[in-house]
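> Pasted the sequence and its predicted model underneath.
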Amino acid sequence: MHPIALNGRFSGTRQPTGTQVASFQLFDAILRLGGSGSNNQHFVVFADMRFPGVERWVSLPCVTFVQTPFQDWSQARGHLWEQCLATPLAIDHGCLLMHHPMNTSPAWQVGISHIVTLHDLNFLLHPEWYSRSFRMVYDVCAMAGLRHSRCVVTISEYVREQTLSALKLSPERLRMIYDGVKPLHSLHPSPGNYLFAAGSLQPHKNLARLIEAFLEISPLYPGLELLVAGRTQAPFTTSPELSRFLRSPGVRLTGYLSDQELSDTYAGARAFCFPSLEEGFGLPVLEAMSLGCPVLTSNTSCLPEIAGPALQVDPYSTEAIAMGLRQLLDLSPEDREKLVKSGKAWCQRFTWEDSANKYLELYHELNR
């Protein structure tokens, strides 16, 4: 059986976003399961061992680890490596199949088959949310690879249907495999009287409407704060309106949070707020529910598919968001406990072990 190449370019950051964390969790589960039992699969992993958790892959018997200093490189150099060097390096190690977990892959795919995990199509369907330079890069580094890859795996049925419609790929080249939820543990829930919102300060996160709704209801809940975790990211357009709202009374921008800080903030919040306009999976919703936090989210995109018992509202209506926040804040202790219990049960549907096993089946099917 030929080894399978795994593209770990996500390891090139010290402050990973949700997509980068999901890519690490997926590969981590694949490598833990792939060399055990009847799988007996060998992998060639290109990654930077300075990314938290990657260093343990080096000692796995099923892994040939190729230290690749992604953290020392610019994004442009990382793209260049992926476009020009990844395929020849994989072939040199005897691989016939390479997996790219974060939307992008080589535009020219000669001599080896490629699998791409597609998290969303926002870059194609909502170009107004992105800088011109980012769109130009993705025309080469994402669109071409998606059209030429042996298989494209979407992380929700919603993204699968979008991909069928927008890219006109044949159904045979598409698979759907849900992401999982990594185990989170809160050691010391953050004290306070607050609502919590997490994610980068991207246009589709809909933070301006959320803050407007919070300001509408906050006089009814003395001392209530809205904590916003995240940071701006270069590829995305910025909104002067959001900058103004973030300076509003009662709104506190926390910046980037570590895994432990994030877990503690989820666990201590009165509710987690995620009224996003467009998501491919919506992992923060599941993370919050897994830690016992009631969730308000959107009734659009993939979120009705993923969010289960979370309270779902119209994200384009400030009034609907405000009413939803009041509904969660006014829960009786008994109703809150019921919502928490159903949320934790729902999250058990999404495990990285299940995701990894489905990818291993796909590898076995294509690695011939």
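Noted; the coordinates are in hand. Residues are numbered from 1 along each chain as shown.
> where's residue 44, which helix or strand?
Element membership for residue 44 (DSSP states H and E) is strand 43-47.
> In the sheet, which strands lie alongside the next helix-or-strand element following that strand, parallel or antiparallel?
Following strand 43-47 in sequence order, the next helix or strand is strand 63-67 (DSSP H and E). Looking at strand 63-67 with DSSP bridges, its partner strands are strand 43-47 (parallel).
> for the record, mean pLDDT for the strand it pairs with?
Averaged across strand 43-47, pLDDT comes to 98.
> ok, now stretch 352-368?
pLDDT averaged over stretch 352-368 gives 94.
> now do stretch 324-338
Mean predicted confidence for stretch 324-338 is 97.
> residues of the strand holding residue 44 that come out buried?
Within strand 43-47, the residues scored as buried using 16 or more other CB atoms under 10 Å are 43-47. All C-beta atoms are positioned from the backbone trio N, CA, C, and that covers glycine.
> Show me what it is in contact with.
Strand 43-47 is contacted by residues 3-9, 11, 27, 30-31, 34-35, 54, 57, 62-68, 70, 86, 89-90, 93-95 when judged by CB atoms under 8 Å, 6 or more residues apart in numbering.
> and that strand, how far out from the chain's middle?
Distance of strand 43-47 from the chain centroid (CA atoms, centre = their mean, to the nearest Å) equals 21 Å.
> cool, and stretch 65-79?
Mean C-alpha position of stretch 65-79 versus that of the full chain (CA atoms, centre = their mean) differs by 21 Å.
> quick one: buried residues of it?
Neighbour count says stretch 65-79 has 65-66, 68, 70, 73, 78-79 buried, by 16+ other CB under 10 Å.
> Is residue 134 in contact with residue 123, as I believe?
Yes. When contacts are counted by CB atoms under 8 Å, residue 134 is listed as touching residue 123 (7.3 Å).
> Farthest pair within the buried residues of stretch 65-79?
Maximum pairwise distance among the buried residues of stretch 65-79 (CB to CB): 22.0 Å, between 65 and 79.
> still on that earlier bit, which one of the buried residues of strand 43-47 sits closest to residue 366?
For the buried residues of strand 43-47, the nearest to residue 366 is residue 43 (14.4 Å; CB to CB).
> Which strand residues bridge the closest one?
Applying DSSP bridges, one finds that residue 43 bridges with residue 4, residue 63.
> Would you mind giving both backbone torsions of residue 217?
phi -100, psi -20 (degrees, to the nearest 10).
> you'd agree it is up against residue 326?
Yes. Judged on CB under 8 Å, residue 217 makes contact with residue 326 at a distance of 5.6 Å.
> For the two, indicate the residue with more neighbours.
Taking neighbours as other CB atoms under 10 Å, residue 217 and residue 326 compare with residue 217 leading, 17 against 14.
> Please list all residues in contact with residue 142.
Residue 142 makes contacts with 103-105, 123, as judged by CB under 8 Å, 6+ apart.
> still on that earlier bit, could you dump the buried residues of stretch 65-79 into TSV with pLDDT and distance to residue 223 added?
TSV is the format used below for the buried residues of stretch 65-79 (pLDDT from 0 to 100; distance: CB to CB, whole Å):
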residue	pLDDT	distance to residue 223
65	98	51
66	98	53
68	98	49
70	98	44
73	97	46
78	96	45
79	96	47
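> Output the residues you listed as a markdown table; include the columns distance to residue 308.
Listed next are the buried residues of stretch 65-79 as a markdown table, based on distance: CB to CB, whole Å:
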| residue | distance to residue 308 |
| --- | --- |
| 65 | 38 |
| 66 | 40 |
| 68 | 38 |
| 70 | 35 |
| 73 | 40 |
| 78 | 36 |
| 79 | 37 |
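> of the residues you listed, closest to residue 259?
The closest of these, once distances to residue 259 are taken by CB to CB, is residue 70, at 20.1 Å.
> Read off the pLDDT value for the spatially closest residue to the closest one that is not a sequence neighbour.
Setting aside the residues directly before and after it, residue 70 is nearest to residue 12 in space (CB to CB, 6 or more residues apart in numbering), at 3.0 Å. Here the pLDDT value assigned to residue 12 is 96.
> again with residue 148
Value for residue 148, per-residue pLDDT: 93.
> I'd like the distance between it and residue 97.
When distance is defined by CB to CB, to the nearest Å, residue 148 is 14 Å away from residue 97.
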